[in-house]
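K.L.:
Here's a sequence, model it:
(2 chains)
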Number of protein chains: 2
Amino acid sequence: MGILKTSNGEIETPSFVPVATQAVVKTLTSEEAKAAKCQILIANTFHLHLKPGEKIVKAAGGLHKFMNWNRPLMTDSGGFQVFSLGFGRDSGIGKISKKKGLVKVLLGQQPQNIKIVDNGVWFRSPVNGEKLFIGPKESIKIQEALGADIIFAFDECTPPNADYEYTKKSLEKTHRWAAECLKVKNPKLKDQSLFGIVQGGKFKDLRIESAKFIANLPFDGFGIGGEFGDSKNLMIKMIDWVIKELPENKPRHLLGIGHPEDILKIIKSGIDTFDCVMPTHYARHGIAFTSEGRLDLNKRCFLNPPAGGNNPLDKKCGCMVCQNYRRNYISHLLRAKEITALRLLTFHNLYFFNSLVEEIRKKIKRGNI
Amino acid sequence: MGILKTSNGEIETPSFVPVATQAVVKTLTSEEAKAAKCQILIANTFHLHLKPGEKIVKAAGGLHKFMNWNRPLMTDSGGFQVFSLGFGRDSGIGKISKKKGLVKVLLGQQPQNIKIVDNGVWFRSPVNGEKLFIGPKESIKIQEALGADIIFAFDECTPPNADYEYTKKSLEKTHRWAAECLKVKNPKLKDQSLFGIVQGGKFKDLRIESAKFIANLPFDGFGIGGEFGDSKNLMIKMIDWVIKELPENKPRHLLGIGHPEDILKIIKSGIDTFDCVMPTHYARHGIAFTSEGRLDLNKRCFLNPPAGGNNPLDKKCGCMVCQNYRRNYISHLLRAKEITALRLLTFHNLYFFNSLVEEIRKKIKRGNI
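P.N.:
Next up, the predicted model:
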């Protein structure tokens, strides 16, 4: 339990950090993101560099003004795209993968669509196919122009199928890039905090080595990135390895993780903030998170409920969607391919996730956790 | 200038009637439709019959409760789909067509995808391809189950390329169906008004004949439907032919027409209400209506404005979009294919249309029109 202070306001931790990849929480307005209790959002350096480009955002007065969001903002560094557009895309996997029989990523290998070199990464622009180089310096300069309150060091997010040798070699690069990020960061931009990222894959010695190395650099906070093996239990164990090495007086962010069933464990492990696309992504596929579990509103049972069974998404929820709309209307909108369905589900899901973490904060305050 | 009273509240006329085809103003919530000054909405009998079906709407307590809209509602009859899924689709045209060299629709001809018979129309369901019959009785029963405040008689909306003989024969059917609609309407549903529809194409004698016939039936109000020739001037002339024949003490609705540049003329012609997809449809294609005219927010000039030139959509507009967001952000969202762009433009455009008509009402009150 704590307070994270930025020049755009404070956030109470632990806090969920909803994702606003392209400077918008998909389907919502910034006013709605506030109404859904979002304290802070995380936007994406790689995507905003492509569209609309950091120059346009800077000319508009920075990301906060551009998107009319006057609360804190993070930008990730583009390091996740090294994975998601690289080996992640090649194998069709995410940061936690239970997929059996995956071909190992070995030392010296390169992903099919990007090239990872000593001083950064050659991407191809999904917009026009042009080659596009991002290294630590480029990432920091883009993030400085975007102007989020908290920015991240550029790293390589390694895939769950990387072997020890690949991961070890990648980690050396990530550490070199971390130091480079600190070096190139404009010291005049005092309002912008730079967080270092711990990598090291599923390998205990590499994770601890990485945490020690990154903790020793003058970062303002820390991200824990990369793959988390093949199970949630392993993930929690991995957080434990790392967190002991990170100074307690600096914030710790878990990158890209936050399923509702894991949130309490993650927080108990010592994580202050964590971002995850889950509530917004699932909403756009028709899934509501509720106190009764996940509901798939595409199902016909929600369109045509038994008498008296046409409830709001969650009877226990105080959000404006649950106050105003019933499941069968949202189900109808989904089936009729109406955009409004995606909005209603996105709003509710964010409110649900944020309320879940708010409840945990209250319990921590009361000493119940 | 007047007041149209319904059991779900009053609306000040003249009034624009935004379109909520599938029980939703596309991209918006009902709360937003109110905030955008919508007094009344028009939903679609044909589409709601297919999805979710009137039984589900009725079980939810009717259309108002289903969509959480506590202001007046209209449903059209499905007659427009006789055109849009029939000859309209065959020729790729709308209700006003300047297309030259169109093959005439002659007496006895049938559209390719539907079949118009004496007692109604055989459609094919776009949902599952099944045959689907809607006649006057079916249309009224569906509309009664949906429960809008104002419902329309089932008619054939004739195409702009129909010849005199076709239009005359079709008109006989529309008149027969009008009487049938009155006959089958449940007299106990006193809160539901039934409006008759004047057809007759571009032919003066047929239009006047139709207006006289429909005016003589005990309808609660009147719709003016069908094609409006090949020009806006002709349209205004056609309204003039008809409106003289319709009793002044009953409301007159113009079906499917309402470009901003025509609104004043339409109102001066004696029209009380009119519906049009334009503000919502164009919004979803990136077009904003403003006091400076139409803006295509897809254009790069809006993404990258000159210094000091990054304005709201309309500097003179008081809507929440213009208070909170600038053109370059909306342009970015559009280019990044973010749904939020469509919402912001839809909200603004509706507010703009409704404000335009509100201004006209004020001028009428002051005696300036």
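K.L.:
Pull out the buried positions in stretch A:231-246.
P.N.:
Counting neighbours by 16 or more other C-beta atoms under 10 Å in any protein chain shown, one finds that the buried residues in stretch A:231-246 are A:Lys232, A:Met235, A:Lys237, A:Met238, A:Ile239, A:Trp241, A:Val242, A:Ile243, A:Glu245, A:Leu246. The C-beta positions use only the backbone N, C-alpha and C, and glycine is treated the same way.
K.L.:
Longest helix in chain A, please.
P.N.:
helix A:339-365 (DSSP state H).
K.L.:
And that one, what does it pack against?
P.N.:
Other elements packing on helix A:339-365 under the criterion 3 or more C-beta pairs under 8 Å, 6 or more residues apart in numbering or on different chains; DSSP states H and E are strand A:15-17, helix A:30-35, helix A:260-268, helix A:278-283, strand A:287-290, helix A:320-324, helix A:327-335, helix B:339-365.
K.L.:
Which one of these lies nearest to B:Lys188?
P.N.:
Of all the helices and strands packed on helix A:339-365, the one in closest proximity to B:Lys188, counting by C-beta to C-beta, is helix A:327-335 (26.1 Å).
K.L.:
what's the nearest residue to A:Ile42 if we skip its chain neighbours?
P.N.:
A:Met74 (4.2 Å; C-beta to C-beta, 6 or more residues apart in numbering or on different chains).
K.L.:
residue contacts, the one you found?
P.N.:
A:Met74 makes contact with A:Val17, A:Ile40, A:Leu41, A:Ile42, A:Ala43, A:Ala148, A:Asp149, A:Ile150, A:Ile151, A:Phe152, A:His253, A:Asp275 under the criterion C-beta atoms under 8 Å, 6 or more residues apart in numbering or on different chains.
K.L.:
Between these, identify the one with the most neighbours.
P.N.:
Neighbour tally across the contacts of A:Met74 (other C-beta atoms under 10 Å in any protein chain shown): the maximum, 32 neighbours, falls on A:Phe152.
K.L.:
count of neighbours near A:Lys188?
P.N.:
Based on other C-beta under 10 Å, the number of other residues close to A:Lys188 is 8.
K.L.:
Closest one of the contacts of A:Met74 to B:Leu102?
P.N.:
Of all those, B:Leu102 sits closest to A:Ala43, with 50.9 Å by C-beta to C-beta.
K.L.:
On the pLDDT front, check that closest one for me.
P.N.:
Here, the pLDDT recorded for A:Ala43 equals 98.
K.L.:
so how far is chain B from A:Phe353?
P.N.:
19 Å (C-beta to the nearest C-beta, to the nearest Å).
K.L.:
Identify the residues contacting the closest residue to that residue other than its chain neighbours.
P.N.:
For A:Phe353, the nearest residue in space outside its immediate sequence neighbours is A:Pro279; the separation is 4.7 Å by C-beta to C-beta, 6+ apart. Taking C-beta under 8 Å, 6+ apart, we find A:Pro279 in contact with A:Pro18, A:Phe289, A:Thr346, A:Asn349, A:Leu350, A:Phe352, A:Phe353.
K.L.:
Run through the residues that contact the residue in the stretch 101-250 of chain A that chain B sits nearest to.
P.N.:
In the stretch 101-250 of chain A, no residue comes nearer to chain B than A:Val127, which is 9.4 Å away by C-beta to the nearest C-beta. Contact criterion C-beta under 8 Å, 6+ apart gives A:Leu50, A:Lys51 as the residues in contact with A:Val127.
K.L.:
element containing it, please.
P.N.:
For A:Val127, there is no enclosing helix or strand under DSSP states H and E.
K.L.:
Can I get stretch A:22-32 as CSV, trimmed to CA atoms?
P.N.:
Extracted in CSV, the C-alpha atoms of stretch A:22-32 (Å, rounded to 0.1, in the frame of the first residue of the first chain):
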residue,chain,number,x,y,z
GLN,A,22,-2.7,4.0,-29.3
ALA,A,23,-3.4,6.9,-26.8
VAL,A,24,-6.9,5.6,-26.1
VAL,A,25,-8.4,2.9,-24.0
LYS,A,26,-10.0,1.0,-26.9
THR,A,27,-13.7,2.0,-27.4
LEU,A,28,-13.7,4.5,-24.5
THR,A,29,-13.2,8.2,-24.0
SER,A,30,-10.7,9.5,-21.4
GLU,A,31,-13.6,10.7,-19.3
GLU,A,32,-15.0,7.2,-19.2
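K.L.:
What average pLDDT does that stretch get?
P.N.:
Averaged across stretch A:22-32, pLDDT comes to 98.
K.L.:
Identify each buried residue in that stretch, please.
P.N.:
Of the residues in stretch A:22-32, those buried by neighbour count under the rule 16+ other C-beta under 10 Å are A:Gln22, A:Ala23, A:Val24, A:Val25, A:Lys26, A:Thr27, A:Leu28, A:Thr29, A:Ser30, A:Glu32.
K.L.:
just stretch A:101-109 next, same as before
P.N.:
If you call a residue buried by 16+ other C-beta under 10 Å, then stretch A:101-109 has these buried ones: A:Leu102, A:Val105.
K.L.:
So what touches it?
P.N.:
Taking contacts as C-beta under 8 Å, 6+ apart, the residues outside stretch A:101-109 that touch it are A:Phe87, A:Ser91, A:Ile93, A:Thr158, A:Pro159, A:Pro160, A:Asn161, A:Ala162, A:Asp163, A:Glu165, A:Tyr166, A:Lys169.
K.L.:
how close does the last one get to A:Asp230?
P.N.:
Read that as A:Lys169. Remark: distance between A:Lys169 and A:Asp230 (C-beta to C-beta, to the nearest Å) = 22 Å.
K.L.:
do the same with the third one
P.N.:
Per C-beta to C-beta, A:Ile93 is found 10 Å from A:Asp230.
K.L.:
and for the two, which residues touch both?
P.N.:
A:Pro160.
K.L.:
thinking again about what came up before, tell me which of the helices and strands packed on helix A:339-365 lies nearest to B:Gly258.
P.N.:
For these, distance to B:Gly258 was read as C-beta to C-beta. The smallest value, 7.4 Å, belongs to helix B:339-365.
K.L.:
Go ahead and measure how far that closest one is from the middle of the chain.
P.N.:
Between the mean C-alpha point of helix B:339-365 and the mean C-alpha point of its chain there is a distance of 16 Å (C-alpha atoms, centre = their mean, to the nearest Å).
K.L.:
repeat for stretch A:131-140
P.N.:
Here the centre of stretch A:131-140 is set off from its chain's centre by 20 Å, with C-alpha atoms, centre = their mean.
K.L.:
Nearest to A:Phe66 among the buried residues of stretch A:22-32?
P.N.:
Comparing those against A:Phe66 with C-beta to C-beta picks out A:Ala23 as the nearest, at 6.1 Å.
K.L.:
That closest one touches B:Arg335, doesn't it?
P.N.:
No: A:Ala23 is beyond contact range of B:Arg335, at 11.7 Å (criterion: C-beta atoms under 8 Å).
K.L.:
Quick check: bridge partners of the residue nearest to A:Ile42?
P.N.:
According to DSSP bridges, the residues that bridge with A:Met74 are A:Ile42, A:Ile150.
K.L.:
try A:Lys131
P.N.:
A:Arg124.
K.L.:
neighbours of it, just the number please.
P.N.:
Using other C-beta under 10 Å, A:Lys131 is surrounded by 10 other residues.
K.L.:
ok, now which ones touch A:Phe154?
P.N.:
By C-beta under 8 Å, 6+ apart, the contact list for A:Phe154 reads A:Ser77, A:Gly78, A:Gly79, A:Gly120, A:Ile134, A:Gly135, A:Pro136, A:Glu138, A:Ser139, A:Ile140, A:Trp177, A:Cys181.
K.L.:
can you confirm A:Leu4 is in a helix?
P.N.:
No: when classified by DSSP: H, G, I helix; E, B strand; the rest coil, A:Leu4 is found to be strand rather than part of a helix.
K.L.:
Please identify the residues of the stretch 251-369 of chain A in proximity to chain B?
P.N.:
The stretch 251-369 of chain A comes close to chain B at residues A:303-304, A:307, A:310, A:320, A:324-326, A:328-329, A:331-333, A:335-336, A:338-340, A:342-344, as judged by C-beta under 8 Å from any C-beta of the partner chain.
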